[in-house]
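[1] Need a 3D model of the following:
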Amino acid sequence: MLELVKAGGWPMIPLLLLAVLALAIVIERFWTLRRKEVLPPNLGEEVRSWAARGQLDPAHIESLRRNSPLGALLAAALDMRNRPREQIRERIEDTGRHLVHRMEKFLNTLGTIAAAGPLLGLLGTVVGMIQMFLGILDHGVGDVNQLAGGIGKALVCTATGMIVAIPALMFHRYFRGRVAGYVIDMEQQATALLDALDARAVVTARTRVASADPAAAATLG
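    This is a model prediction of the structure:
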């Protein structure tokens, strides 16, 4: 392995650095994008229960905001719970864009590695071929086996670039798909919370009417 790295020449250095960086990003994203960290089980049901019972004090909401990306999205909706539904939805969409940006952290870098790997590998191969042909120009063809070995060494960089780029591209698409799936689930939970808030508002309105005018409350019921 060490001999192959030496044979590739200096372009192998950035390729190896890209490989290490890609591996670090993949490990970090696997850890950060665990489902229980993004969408804690039963969190949506718990928040809807808060809304139904009116337990929406600032301490609850702030704790929810720090809980997870889903918690931050639901907390943004609760911050606007006394506003019209459209305004709450706008706040959810704004918060969702920030959360998606956070969940896609480093994915652009991973995509860049997937695109740059083959190009760096090709550059290394071209540099190796140029050096080999300049040697032929100075000293002649010489041993054909040695010439074939030189071509093989030059192609090491291309192979390394592919080895780096293919997994990077696969994981880039995988993580993008995982984030997209999380976004759909978070939207469903946010919509369910909006419905719970609407139901709570209707109950509150009926209670107020009942206390002020029992006859009107009977009509609403």
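
[2] could you say what helices and strands the lengthiest helix in the chain packs with?
    Ranked by number of residues, the top helix in the chain under DSSP state H is helix 156-212. Under the contact definition 3 or more C-beta pairs under 8 Å, 6 or more residues apart in numbering; DSSP states H and E, helix 156-212 sits against helix 2-8, helix 12-32, helix 43-53, helix 69-79, helix 85-103, helix 107-139, helix 214-220. Backbone N, C-alpha and C define where each C-beta goes, glycine included.

[3] Output the below-cut-off pLDDT ranges for the protein.
    1-5, 7-8, 135-150, 201-221 (pLDDT under 70).

[4] one more time with 50
    216-217, 220 (pLDDT under 50).

[5] and the closest residue to residue 109 other than its chain neighbours, how far is that from residue 44?
    Counting by C-beta to C-beta, 6 or more residues apart in numbering, residue 109 lies nearest to residue 25, which is 6.2 Å off, once chain neighbours are set aside. As judged by C-beta to C-beta, to the nearest Å, residue 25 and residue 44 stand 30 Å apart.

[6] ok, now residue 62?
    18 Å.

[7] same thing with residue 77?
    Taking C-beta to C-beta, one finds residue 77 at 11 Å from residue 44.

[8] shared neighbours, these two?
    Jointly contacting residue 77 and residue 44 under the rule C-beta atoms under 8 Å, 6 or more residues apart in numbering are residue 193.

[9] re the thing from before, dump the helices and strands packed on helix 156-212 to JSON lines, plus distance to residue 188 and mean neighbour count.
    As requested, these are exported to JSON lines (distance: least, C-beta to C-beta, whole Å; neighbours: other C-beta atoms under 10 Å):
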{"stretch": "helix 2-8", "distance to residue 188": "49", "mean neighbour count": "14"}
{"stretch": "helix 12-32", "distance to residue 188": "22", "mean neighbour count": "16"}
{"stretch": "helix 43-53", "distance to residue 188": "8", "mean neighbour count": "17"}
{"stretch": "helix 69-79", "distance to residue 188": "10", "mean neighbour count": "22"}
{"stretch": "helix 85-103", "distance to residue 188": "12", "mean neighbour count": "15"}
{"stretch": "helix 107-139", "distance to residue 188": "23", "mean neighbour count": "16"}
{"stretch": "helix 214-220", "distance to residue 188": "30", "mean neighbour count": "11"}
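
[10] Make TSV from these and add distance to residue 182 to it.
    Shown next, in TSV, are these (distance: least, C-beta to C-beta, whole Å):
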stretch	distance to residue 182
helix 2-8	39
helix 12-32	11
helix 43-53	13
helix 69-79	7
helix 85-103	7
helix 107-139	13
helix 214-220	40
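
[11] Distance check, the closest residue to residue 118 other than its chain neighbours against residue 83.
    The shortest distance from residue 118 to any non-neighbouring residue, by C-beta to C-beta, 6+ apart, is to residue 161 (4.6 Å). According to C-beta to C-beta, residue 161 and residue 83 sit 53 Å apart.

[12] more crowded one of those two?
    Counted by other C-beta atoms under 10 Å, residue 161 and residue 83 do not tie: residue 161 has more neighbours, with 27 against 13.
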